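Trainee: Quick one, fold the following:
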Amino acid sequence: MVSYHSPERDKNTILSDIITNEIEVFHWHDDTFDLPDGSIAIAENQACPNQGFTWNNRVVGLQFHPEITQKNADTFFRDSGQKLGSDPYIQSPSEIFSNDQGFAQSSRIMKVILEAMER
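Mentor: Numbers count the residues shown, from 1 in each chain. Here you go, the predicted model:
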């Protein structure tokens, strides 16, 4: 999955106000993970069932990349873009880079996640 997609969630955690069905987050992965024992799933979608989790409201694991910047994405494509196949969940570089709102939203999400973790 290389794209902006919305995670789905319905759990009440410290990130419930941040990880909503309305956000789009950047994905760059072709694998997933199993949830750790005692964790709470916080995000999922059709392409990847485990998008993130919290554990004890102190540990956060994310499958997506709220830290993404245009520079990071450019590096991803330059270093690994030639390995991408064709899939409904893979967007082209032009689709990714034309999503200025997605990059700005990612930055806001990362900031709010870190602030939530400080509480």
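Trainee: so residue 33 touches residue 51, yeah?
Mentor: No - the pair residue 33 and residue 51 does not pass the contact test of Cβ atoms under 8 Å, sitting 9.9 Å apart. (Each C-beta comes from the backbone N, C-alpha and C, glycine too.)
Trainee: Find residues that contact each of the two.
Mentor: residue 63 (Cβ atoms under 8 Å, 6 or more residues apart in numbering).
Trainee: How confident was the prediction at residue 79?
Mentor: For residue 79, the pLDDT comes out at 90.
Trainee: Give me the helices and strands touching the helix or strand it falls within, please.
Mentor: Element membership of residue 79, judged by DSSP states H and E, is helix 70-80. Packing partners of helix 70-80 (3 or more Cβ pairs under 8 Å, 6 or more residues apart in numbering; DSSP states H and E): strand 25-28, helix 93-97.
Trainee: what separates it from the chain centre, distance-wise?
Mentor: 16 Å (Cα atoms, centre = their mean, to the nearest Å).
Trainee: How about stretch 108-119?
Mentor: That offset, for stretch 108-119, works out to 14 Å (Cα atoms, centre = their mean).
Trainee: Do me a favour and average the pLDDT over that stretch.
Mentor: 85.
Trainee: Tell me the buried residues in it?
Mentor: Residues of stretch 108-119 classed as buried by neighbour count (16 or more other Cβ atoms under 10 Å): 109, 110, 113, 116.
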